[in-house]
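1. Okay, predicted coordinates and the sequence, questions at the end:
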Amino acid sequence: MRIGDKPAARLKELGVELRPSVPLSEKTSLGIGGTTDQLLLRKFETIPEVMRLLADEKIPHRFLGGGTNVLIADGELPYVVLHLPTSQPGMRVEGNAAYVDAAADLGGMVTFCAKRDLGGMEGLIGVPGSVGGALRMNAGAYGTQIGSYVREVELYRASTGKLETLRGDDIRFDYRHTSFAPDDVMLRVKLELPSKPFKEILALIKICNEKRRASQPLNQKSAGCIFKNPPGGSAGRMIDELGLKGHRVGDAMVSDRHANFFVNVANASCADMLRLIDEVRERVRVTYGVELENEVIFWKN
Ligand code: EPU
């Protein structure tokens, strides 16, 4: 989608940088996604005004974070994408509290806190993506979920058009699911973390990294796990048992390392990936009677 000259001029006044015709395949870890205009927000404070302007001009929009858990359609997209300021996302520690901007890199946050002797989040070290994306999905790995440490979240609430602060107790964090509204935009988080010596945290980080390297296709283009694990089960194990590792639709392939990772081996389209997802879901449904739910978020046009 192209933004017209009039709204573009107004957005510039609000300090928003407009990048025309950006291929989102360059912004996602899957290397999949069509083309649209990208808006880079420079300041949180202007978000309500930017959103009002987009609403007035009837410009559909979506926020893109780290792009590591999203599957975006091919071709010209019928919406623009917004990005939070990412040049130098703020991170600071005060006692056992860490204050982190949503645009910060999740792994970067874990190491920043570790160096200040704050631990607990070791399991999240290899999870790619931004802190905002991790909050929205309640990202987790190796027994850690980010939600356990959240004390406050600053966000833009589309329902009120305002910047608000929510207390951790007022947010529900479930397995890969939270009570945030789909159009809430995470801006900043306050976490409370247990004190732990840096050396101990580092040792745990190393163990998690090794486990991950041994079982996941880290050097290939993927969005991590494609399906959520069903209650008490393992999507990866079921897909593996069905002999589907290496199964392909075009350039979309079930990883031969971890069966719940679907990789883009060269130039997979969104259509390829969607067909692969549907085929595998169907095979699992027929054999196990389990309907797998997507973990990856599909941005339907
Ligand atoms: N397994 C197989 N074959 C495979 C993959 C897994 O038999 O191809 C078996 C493993 O041997 C193990 C079981 O399935 O016995 C579970 O596998 P694993 O330990 O790799 O964990 P997972 O349940 O597949 C979850 C998260 C990952 C997270 C890991 C580590 C989900 C959907 N996935 O994977 O998160 O990194 O645990 O904690 O909850 C993600 O969210 O994108 C993600 C990758």
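-> Yep, that arrived. Numbering: from 1, shown residues only.

2. What parts of the stretch 51-200 of the chain come near the ligand?
-> 141, 142 (Cβ under 6 Å from any ligand atom). All C-beta atoms are positioned from the backbone trio N, CA, C, and that covers glycine.

3. What residue in the stretch 51-200 of the chain comes nearest to the ligand?
-> Here the stretch 51-200 of the chain gets closest to the ligand at one residue, residue 141, 3.8 Å apart by Cβ to the nearest ligand atom.

4. quick one: contacts for that residue?
-> For residue 141, the contacting residues are 123, 124, 126, 127, 208, 212, by Cβ atoms under 8 Å, 6 or more residues apart in numbering.

5. go again using 6 Å as the cut-off
-> Going by Cβ atoms under 6 Å, 6 or more residues apart in numbering, residue 141 touches 123, 127.

6. Tell me what it is bridged to.
-> Using DSSP bridges, the bridge partners assigned to residue 141 are residue 144.

7. pLDDT score assigned to it?
-> At residue 141, the model reports a pLDDT of 96.

8. what does the one 10 residues further on give?
-> In this model, residue 151 is scored at 98, pLDDT.

9. so is the residue nearest the centre of the chain in a helix, a strand, or just coil?
-> The centre of the chain sits closest to residue 133, judged by Cα atoms, centre = their mean, with a distance of 3.8 Å. Following DSSP: H, G, I helix; E, B strand; the rest coil, we place residue 133 in the helix state.

10. Then residue 166?
-> strand.

11. residues near the closest residue to it other than its chain neighbours, how many?
-> Distances taken as Cβ to Cβ, 6 or more residues apart in numbering put residue 153 closest to residue 166, at 5.0 Å, once the chain neighbours are dropped. Neighbours of residue 153 under the rule other Cβ atoms under 10 Å: 25.

12. Wait, a strand at residue 253?
-> Yes: looking at residue 253 with three-state DSSP, it is inside a strand.

13. Look up how far residue 200 lies from it.
-> 39 Å (Cβ to Cβ, to the nearest Å).

14. Neighbour count for these two, which is higher?
-> residue 253 (25 against 13).

15. Is the residue nearest to residue 166 bridged to anything, and to what?
-> residue 166, residue 189.

16. quick one: pLDDT of residue 86?
-> 72.

17. before we move on, what about residue 45?
-> Reported pLDDT for residue 45: 88.

18. can you count the residues close to it?
-> Count around residue 45 with other Cβ under 10 Å applied: 11.

19. Make sure I have this right: it is in a strand.
-> No: secondary structure of residue 45 (three-state DSSP): helix, not part of a strand.

20. Tell me how many other residues crowd the closest residue to the ligand within the chain.
-> Closest residue of the chain to the ligand, Cβ to the nearest ligand atom: residue 224 (2.6 Å). Residue 224 has 21 neighbouring residues, counting by other Cβ under 10 Å.

21. Is there a neighbour count for residue 180? I'd like the number.
-> Quick note: residue 180 (other Cβ under 10 Å) scores 20 neighbours.

22. got it, and residue 183?
-> Number of residues near residue 183 (other Cβ under 10 Å) recorded here: 13.

23. Kindly report the same for residue 22.
-> Around residue 22 there are 19 residues (other Cβ under 10 Å).

24. How about the secondary structure of residue 238?
-> helix.

25. cool, residue 3 as well?
-> coil.

26. Surely it is in contact with residue 37?
-> Yes: the pair residue 3 and residue 37 qualifies as a contact (Cβ atoms under 6 Å) at a distance of 5.0 Å.

27. tell me the mean pLDDT for stretch 203-220?
-> Here the average pLDDT along stretch 203-220 is 97.

28. That one: how far from the chain's middle?
-> Distance, stretch centre to chain centre, for stretch 203-220: 19 Å (Cα atoms, centre = their mean, to the nearest Å).
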